[in-house]
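Sequence first, then the predicted structure, then my questions.
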Amino acid sequence: MNATLERMSSGMEEIIEFVGALDGVLVLRPGPGDGTPELAWGDTFFYYSPDGTVPAATQPFATIVTKDYPDDDGCRLDRPGAFRVNVAAGKDAYIRWTGHAPREAVPADGPVQDDTVIAHPAYG
């Protein structure tokens, strides 16, 4: 799967199409008029839901965030075309990709660089 993702361009729509085509994945794209909070509009949420209904007691396994949230501006998503892909990868993958244990304080080195793997800026 990594090879497939590496061959893709970094376009948000291609990522949504790729993940949405996986078996059992439900894609939610909040927007005006659907009852979702305005803050979520423009973001994308991916759930494992073979029956096509939003799971009531679980978080999405991945999200695409298109804007800075309150207290979460380190990625500078206010730039044109910028977005962040969040993936629940598990502890071992987290350590392998970031070099840090979950919830370990990691010093900020300034703004996040594009196309890099980082811990989630708000909760690791």
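Nice, thanks for sending it over.

surely residue 94 meets residue 102?
Yes: under the criterion of C-beta atoms under 8 Å, residue 94 makes contact with residue 102 at 5.6 Å. Every residue, glycine included, has its C-beta placed from N, CA and C.

more neighbours, these two?
residue 94 (20 against 13; other C-beta atoms under 10 Å).

Ramachandran angles for the more buried one?
Backbone torsions for residue 94, taken as degrees, to the nearest 10, come to phi -60, psi -50.

Let me see the ranges of the helices in the chain.
2-7, 12-20, 91-98 (DSSP state H).

and of those helices, who's closest to residue 70?
Evaluated over these, closeness to residue 70 peaks at helix 12-20, with 22.0 Å, by C-beta to C-beta.

Who are the packing partners of the closest one?
Judged by 3 or more C-beta pairs under 8 Å, 6 or more residues apart in numbering; DSSP states H and E, the packing partners of helix 12-20 are strand 25-28, strand 44-48, strand 62-65.

before we move on, back to that, mind putting the helices of the chain in a markdown table, distance to residue 77 and mean pLDDT included?
Compiled in a markdown table, the helices of the chain are given as follows (distance: least, C-beta to C-beta, whole Å; pLDDT from 0 to 100):
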| stretch | distance to residue 77 | mean pLDDT |
| --- | --- | --- |
| helix 2-7 | 20 | 44 |
| helix 12-20 | 12 | 95 |
| helix 91-98 | 19 | 87 |
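
can you tell me which of the ones you listed comes nearest to residue 65?
helix 12-20 (10.2 Å).

Next, the angle strand 44-48 makes with the closest one.
Per axes from the mean of the first three to the mean of the last three C-alpha atoms, to 10 degrees, the angle that helix 12-20 makes with strand 44-48 is 10 degrees.

Tell me who's in contact with the residue nearest to the spatial centre of the chain.
For the chain, residue 86 is the residue whose C-alpha lies nearest the centre (C-alpha atoms, centre = their mean; 2.4 Å). By C-beta atoms under 8 Å, 6 or more residues apart in numbering, the residues touching residue 86 are 62, 63, 64, 65, 120.
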